[in-house]
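1. attaching a predicted model along with its sequence, questions to come.
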Amino acid sequence: MSTRPLRPDLQRIADWITPDASVLDLGCGDGELLAWLARHKHTRNYGVEIDVDSVTACVEKGINVIHSDLESGLTQFEDGSFDFVVLSLTIQAMHNVEGILREMLRVGRTGLVTFPNFGYWENRWQIMIGRMPVSETIPYQWYNTPNIHFCTLYDFDGLLGKLGMRNTGRVVLNEGHEITVLPNLRGSLAVVRFEKV
Amino acid sequence: MTQSVGIVTPQKIAFETPITLSSGVTLPRYDLMVETYGELNAARSNAILICHALSGHHHVAGKHREDDKAPGWWDTMIGPGKPIDTNRFFVIGVNNLGGCHGSTGPSTINPDTGQPFGSTFPLVLVRDWVETQVRLADHFGIRQFAAVVGGSLGGMQALRWTITHPERVRHALVIASAPKLTAQNIAFNDVARQAILTDPDFHGGDYYQHGVVPRRGLRLARMLGHITYLSDDGMGEKFGRMLRSGEYKYGFDVEFEIESYLRYQGDKFSDYFDANTYLLMTKALDYFDPGRFYGGDLVAALREAHAKFLVVSFTSDWRFSPERSREIVKALLDAKRDVTYAEIESAHGHDAFLMEDPPYHNIMRAYLNRIAAEVNA
């Protein structure tokens, strides 16, 4: 198994996950996070992934993975079956954002989400000069983007409140470095931990 | 480099200890036809059992003779360098009890009467097959299978293994299968059975003594089955409305290519398959319901399992649809078992599990590599 370091945003998620916990990673890709967690924190892991080649990549890493579309919900998982449920860089491309957040805290105790911060100054600037934003965390053109639900740090917290959930921790990154001053302006990527109120 | 296991020779293994079947009937002895590929390692940890579906048998890979037209029924999956790699695994193919390819079944001569068993051969359930397969494992000195693998009815056997003999199966690969048949599925089986049972040549199952076989019934049963194993799209792609002569003939002879294909398949099948075995296999399918002995709770049944699972389904399979595989997955998750699930995009319907398809074979290969690493194969 690989010992190379995790992607910075995944590392922030991993830092919040306690040893021996049970973890569900939604849209787990090739299983990089879960493989790291299994090795370093001995977690009990499940992944959900829509792409069949990524499912195979997970199997190669020895990760349990369910080939499924998140849009159809998490009906295969029982209430409270995980300590942590992760949704990494996926929420902005989902149709039913409220649905998936509710599902995350139905099947798990703590949710961990990462999303591109639309309030990042470069995005604001590009809109101000009359163009749709294209950046490191939003690398698509308007006509080919899978992203349909952008938000800022404040917007996301607002939705959590509406759903009876609360932000219990946030790290904001720019090119992998943590931003503490003016995060909603200077951070391009948000990592948010949330739980039920 | 992938290649065939080459020329293989089946062996008949005799079991002289009586077996009492689920129906209450006891068989004093029985034979099982078996083929093996690859080498059993010193630790006897690298054995894989292949369970067959409705019309399958022990001849899973390779050829019996150089000039055989076709290799074994799962030759795409099993061989040196193939997903079930015979350079690493010791693979056993078995013809189930009640079969018609050399294992004791309805067409076998009953030593007490000197006549084929025919109508006196007992019905056999999936759990009975698993008991005979356990004895087969004992015969080879295999304490625990690295994996029990099967598609369709074969997947049901793999599932049953994990519930009845949890300590003897490390991984179960359940492909294009179901936790139990639906009413629609039982209905298809019953039409197939009725075709056979109402054939005048059936003679209550004792047609052997009359020197006939219920060929028409078996042929119809196979034609019906075959339709349900293909998808509408797959059939449309392959045959469409193609006419053999290019124009309408205004009669009931073979006109459309699909008619020709189905009749050919039916004829071929009725030449070699035993009607009583067909009846028996369809009843085993209908009766399979592992949750039944746990108050109808599949989750409770699967809590018995120690194995890890790979469940695979195919998008266009409507006979054993992805929904049915997802029921197995959900029950395994609820039972806190380890499971990986893949839903393979395919136009080939239920038959997709027998075909070569890169995403399907890639995931099988990846999973089997993981097993090989665990058992030092």
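-> Thanks, I have it.

2. now B:Glu255: how far from B:Asp128?
-> Note on B:Glu255: its distance to B:Asp128, by Cβ to Cβ, to the nearest Å, is 44 Å. Where you see a C-beta, it was placed from the backbone N, CA and C, and this is true even at glycine.

3. neighbour-wise, which of those two wins?
-> The neighbour comparison of B:Glu255 against B:Asp128 (other Cβ atoms under 10 Å in any protein chain shown) goes to B:Asp128, with 23 against 18.

4. can you tell me which residues contact that one?
-> Residues near B:Asp128 by Cβ atoms under 8 Å, 6 or more residues apart in numbering or on different chains: B:Ile19, B:Leu21, B:Ser22, B:Leu97.

5. can you tell me which of these are in strands?
-> B:Ile19 (DSSP state E).

6. grab the nearest non-local neighbour of the closest residue to chain A within the stretch 251-377 of chain B.
-> The nearest approach of the stretch 251-377 of chain B to chain A comes at B:Ala366, 4.1 Å away (Cβ to the nearest Cβ). Leaving aside its sequence neighbours, B:Ala366 sits nearest to A:Val59 (Cβ to Cβ, 6 or more residues apart in numbering or on different chains; 4.1 Å).

7. which strand or helix spans that neighbour?
-> helix A:52-60 (DSSP states H and E).

8. next, the buried residues of that helix.
-> By neighbour count on 16 or more other Cβ atoms under 10 Å in any protein chain shown, the buried set for helix A:52-60 is A:Val52, A:Ser54, A:Val55, A:Thr56, A:Ala57, A:Cys58, A:Val59, A:Glu60.

9. got those as CSV, with pLDDT columns?
-> As requested, these are exported to CSV (pLDDT from 0 to 100):
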residue, pLDDT
A:Val52, 97
A:Ser54, 98
A:Val55, 98
A:Thr56, 98
A:Ala57, 98
A:Cys58, 98
A:Val59, 97
A:Glu60, 96
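
10. nearest to B:Met242, of those residues?
-> Proximity of the buried residues of helix A:52-60 to B:Met242 (Cβ to Cβ) peaks at A:Val52, which lies at 32.1 Å.

11. how near is the closest one to chain B?
-> Going from A:Val52 to chain B by Cβ to the nearest Cβ, to the nearest Å gives 5 Å.

12. that residue reaches A:Ser68, doesn't it?
-> No - if you go by Cβ atoms under 8 Å, A:Val52 and A:Ser68 don't touch, sitting 11.1 Å apart.

13. picking up where we left off before, so what touches the helix holding A:Val59?
-> Applying Cβ under 8 Å, 6+ apart, the contact partners of helix A:52-60 are A:28-31, A:34, A:47, A:49, A:64-65, A:67, B:310, B:340, B:342-345, B:359, B:362-363, B:366-367, B:369-370.

14. show the buried residues in those.
-> The neighbour-count criterion (16+ other Cβ under 10 Å) marks A:28-31, A:34, A:47, A:49, A:64-65, A:67, B:310, B:340, B:342-344, B:359, B:362-363, B:366-367, B:369-370 among the contacts of helix A:52-60 as buried.

15. of those, which belong to strands?
-> Among those, DSSP E puts A:Gly47, A:Glu49, A:Val65, A:His67, B:Leu310, B:Thr340, B:Ala342, B:Glu343, B:Ile344 in strands.

16. A:Val86: which of these is nearest?
-> Closest to A:Val86, out of all of those and judged by Cβ to Cβ, is A:Gly47, at 9.2 Å.

17. that closest one pairs with what?
-> For A:Gly47, the beta-bridge partners are A:Asp25, A:Val65 (DSSP bridges).

18. measure it to A:Phe118 for me?
-> From A:Gly47 to A:Phe118 the distance is 27 Å (Cβ to Cβ).

19. follow-up on the earlier one: please convert the ones in strands among the buried ones among the contacts of helix A:52-60 to a markdown table, extending it with pLDDT and distance to A:Gly169.
-> Shown next, in a markdown table, are these (pLDDT from 0 to 100; distance: Cβ to Cβ, whole Å):
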| residue | pLDDT | distance to A:Gly169 |
| --- | --- | --- |
| A:Gly47 | 98 | 23 |
| A:Glu49 | 97 | 26 |
| A:Val65 | 98 | 27 |
| A:His67 | 97 | 31 |
| B:Leu310 | 98 | 36 |
| B:Thr340 | 98 | 31 |
| B:Ala342 | 98 | 34 |
| B:Glu343 | 98 | 35 |
| B:Ile344 | 98 | 39 |
